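Undergrad: Okay, predicted coordinates and the sequence, questions at the end:
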Amino acid sequence: MTTDVPVPVSEQSLDRFIDRELSWLSFNQRVLELGEASDTPLLERTNFLAIFPSNLDEWFMVRVAGLKRRIDTGLDQPTAAGLPARELLAQIRTKANELQVRHARMFEEEVRPALAGEGIHILGWDDLGPEQHARLTELFATQIFPVLMPLAVDPAHPFPYISGLSLNLSVRVKNPDTGRTEFARVKVPPMLPRLYPLDAPEGEHWYILLEDLIAQHLGSLFSGMEVVDHHVFRVTRNEDMLIEEDETENLLQALEKELLRRRFGPPIRLEASDDMDDETLNLLKDELDITDDEVTVLPGPLDLTALFGLGRINRPDLKYAPQIPVTAPEFRTSDSDEKPDVFRAIAERDVLVHHPYESFSTSVQAFIEQAADDPDVVAIKQTLYRTSGDSPIIAALIKAAESGKQVLALVEIKARFDEQNNIVWARKLEKAGVHVVYGLVGLKTHCKLLQVIRHEDSQLRIYNHIGTGNYNPKTSRIYEDLGLFTVDEEVSGDITRLFNQLSGYAIERDFKRLLVAPLHLRKGLIDLIEQERQAALRGEPSGVRIKVNSMVDEEIIDTLYTASQAGVPVDVLVRGICSVRPGVPGLSETIRVRSVVGRNLEHSRIFSFHNGGDTRVYIGSADMMHRNLDRRIEALVQLTDPEHISICTNLFDLGMSDEAATWHLQADGEWVRRHLDAEGRPLVDVHDEMMKRIARRPRRHSLR
């Protein structure tokens, strides 16, 4: 069937969009499935079991909190998927609870025993002998007891503030003189190791949970009282932020005030151990103003993000085989001890680097460090969305400014959960003489741009990097991203004008090789998809391939539906949320959706169009979400080098292949894991295969 508009929802057996929150839970379920999978190395399983609750915490703090706020303010309009907000909230709470219980049981019933089988024991107090008890009691008295702050609850002591995501012990104590039973709260100190290491036989690793250690010594905290019982609980709070940028004179100060307020957001989730008695649970619900629907009762330890600590154990046999990033061929030298001339390499031809398979330190980091040291460099401009705590990128910018170069840093201080870190960097950069700006009012700057202006042969030459990922050396080791280095004059002009727009008052509309949000990107992509639809209607070859983190924008999805109805093959590689319903007769029959979740975090955004056989490819920072297309500064750059286009094409071919281990999205919104062939043999691991391919990539030229 060929139409100009999608088939009306009323004519479909399913609404044409999958709800984004339910889709997000499906993504986190894929993470959990890797923790459940027996073919995942054991310490990698514990890592995925730590990622799952970490993801869930952030989702509750922002997305569930925002949905609850909409309901509380009377905004119960249906979502794009047709679900009233109250019904959606009920569904996601039910699903989230199911997944949390499944997660807790997986750890207790399978992973914890498997760890013990490998000599990695998370022990309880009763598992230890008298000598260990004595040593731990001494350790408690000297290292833990002084830090603890028991807080009583009685007429003279109001119920204490419970900070978000803190782990707490509810304690009931009995006064032997009066016979009264009182309630107290003890916070588990977050600055101490949650998995407390114990003396263990050689080759083994023994731990006790910090809350268990504290629980065994509650008598010393409440001397003279009888400890009746204790239970573990945890609260999640609304930590989303609302800043009226149009009404504030100093964004930095306004954000700092909002960060302080965020600490005291209303509770939206209470997690309690399954041994908690009804009296204690009801007290917590009343004091926290939590409803029954907002309570999750879990077996085993709460907050399994503690499992991240097991990743430090030196057991290579229980981890993925190491991937050693290689230097991109264009940046290699014949002498391994010689630093490459990055400028010379980029001047010869465009360079496309694929992280984490190709090294960040010998490409992006080397580029900016060489720029900081080079006396011929006169100016550096860079956007910073997230970076690491000991960032060599920041150090290079400071060094450049202190050496007299003009340096502009656009620091996005509203990057969620990195706000405080970015405020610190902004002030440090300003102190060093860097020109620090915060972008445009009402818009987050999410594009990844780095520009270096250099004196060469009595004229200025502009070197550029535009990427899909943050300038963060730490995350670059596990985030899959692409970055283009180029001296192309059109790209240089585009990025120069975009920086002028970000730091000054320019309003730019004339970009050559960039698609820039919020003014041009949405329309540009829709026009490109429409060209493929028109080609299909003429009976010509066509195709659209998109790789993103999230695909939820209704207009983009509807445009893909109309293309599918005209017969355009549409491939979508998505890591996280996806609201597309693929394979629905008459709506999306030619759309396939796959997801790669594994050792590396898929993060690159790629947009590829058949374009009459002359494939047109863009890479950049934008996901297909309202915020990216309408409320952020985003940039996609067109690739022109045939080899770079081939690299992206091959990446799609691998990710969409039935020979690769991926998840397949069904029309009903379910994701099916395909990791074994018909004979039960493992399918190709995308991340391992990419590492092999890139390690074999030949040099295109040598540097000196």
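TA: Right, received. Where do you want to start? All values derive from a computational prediction rather than experimental measurement. Numbering: from 1, shown residues only.

Undergrad: Burial check on Leu629, number of neighbours?
TA: Using other C-beta atoms under 10 Å, Leu629 has 20 other residues around it. Any C-beta I mention is one placed from the backbone N, CA and C, and that applies to glycine too.

Undergrad: is it true that it lies in a strand?
TA: No. Secondary structure of Leu629 (DSSP: H, G, I helix; E, B strand; the rest coil): helix, not part of a strand.

Undergrad: please renumber so the chain begins at 45
TA: New numbering, starting at 45: the last item is Leu673.

Undergrad: Ignoring the adjacent residues along the chain, who's closest to it?
TA: Among residues not flanking Leu673 along the chain, Arg566 sits closest, at 4.5 Å (C-beta to C-beta, 6 or more residues apart in numbering).

Undergrad: Mind giving me the packing neighbours of the helix or strand that contains the one you found?
TA: Assigned by DSSP states H and E, Arg566 belongs to helix 565-581. Judged by 3 or more C-beta pairs under 8 Å, 6 or more residues apart in numbering; DSSP states H and E, helix 565-581 is in contact with strand 558-561, strand 588-592, helix 598-609, strand 649-653, helix 670-674, strand 676-683.

Undergrad: of all these, which lies closest to Val108?
TA: Across the helices and strands packed on helix 565-581, Val108 has its closest neighbour in helix 670-674 (17.3 Å, C-beta to C-beta).

Undergrad: correct me, but His490 touches Leu680?
TA: No. Here His490 does not reach Leu680: they are 11.7 Å apart, not a contact under C-beta atoms under 8 Å.

Undergrad: list the residues that contact both of those two?
TA: Ser665, Ala666 (C-beta atoms under 8 Å, 6 or more residues apart in numbering).

Undergrad: okay, the two: which has more neighbours?
TA: In terms of neighbours (other C-beta under 10 Å), Leu680 is the more surrounded of His490 and Leu680; the figures are 26 against 23.

Undergrad: Give me the nearest residue to Leu239, chain neighbours excluded.
TA: Per C-beta to C-beta, 6+ apart, closest to Leu239 is Tyr251, 4.2 Å.

Undergrad: Give me the three-state assignment for that neighbour.
TA: strand.

Undergrad: Across the sheet, point out what pairs with it.
TA: On the basis of DSSP bridges, Tyr251 is bridged to Ile166, Pro241.

Undergrad: do the same with Ser214
TA: Arg229, His275.

Undergrad: so how far is stretch 495-508 off the chain centroid?
TA: 35 Å (C-alpha atoms, centre = their mean, to the nearest Å).

Undergrad: what's the span of that stretch from first residue to last?
TA: Using C-alpha to C-alpha, to the nearest Å, one end of stretch 495-508 lies 5 Å from the other.

Undergrad: Contacts for that stretch, please.
TA: 387, 390-391, 411-412, 415, 418, 420-426, 493-494, 509, 528-532, 535-536, 539-540, 543.

Undergrad: Please apply the same query to stretch 316-335.
TA: Under C-beta under 8 Å, 6+ apart, the answer for stretch 316-335 is 203, 206, 214, 216, 227, 273, 275-279, 310-311, 313-314, 336, 339-343, 346.

Undergrad: run the last query once more with 7 Å
TA: 203, 206, 214, 216, 227, 273, 275-277, 279, 311, 314, 339, 341-343, 346 (C-beta atoms under 7 Å, 6 or more residues apart in numbering).

Undergrad: Can you pull the domain assignment for the chain?
TA: Segmentation of the chain into domains, based on automatic domain parsing, reads 53-58+559-739, 64-355, 373-553.

Undergrad: could those domains go into TSV alongside mean pLDDT?
TA: Shown next, in TSV, are these (pLDDT from 0 to 100):
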stretch	mean pLDDT
domain 53-58+559-739	95
domain 64-355	89
domain 373-553	88
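
Undergrad: Tell me which of the ones you listed sits nearest to Gln367.
TA: The nearest among the domains of the chain, by C-beta to C-beta, is domain 53-58+559-739 at 4.9 Å.

Undergrad: Show me how far that closest one is from its chain's centre.
TA: 19 Å.

Undergrad: do you know how far Pro585 is from Leu695?
TA: 20 Å (C-beta to C-beta, to the nearest Å).

Undergrad: Which one of those two is surrounded by more residues?
TA: Taking other C-beta under 10 Å, Pro585 and Leu695 do not tie; Leu695 has more neighbours (22 against 13).

Undergrad: mind checking how far the more buried one is from Val661?
TA: Leu695 is 10 Å from Val661, by C-beta to C-beta.

Undergrad: Buried residues, the helix holding Arg566. List them.
TA: For helix 565-581, the neighbour count (16 or more other C-beta atoms under 10 Å) marks Leu565, Arg566, Gly568, Leu569, Ile570, Leu572, Ile573, Gln575, Glu576, Arg577, Ala579, Ala580 as buried.
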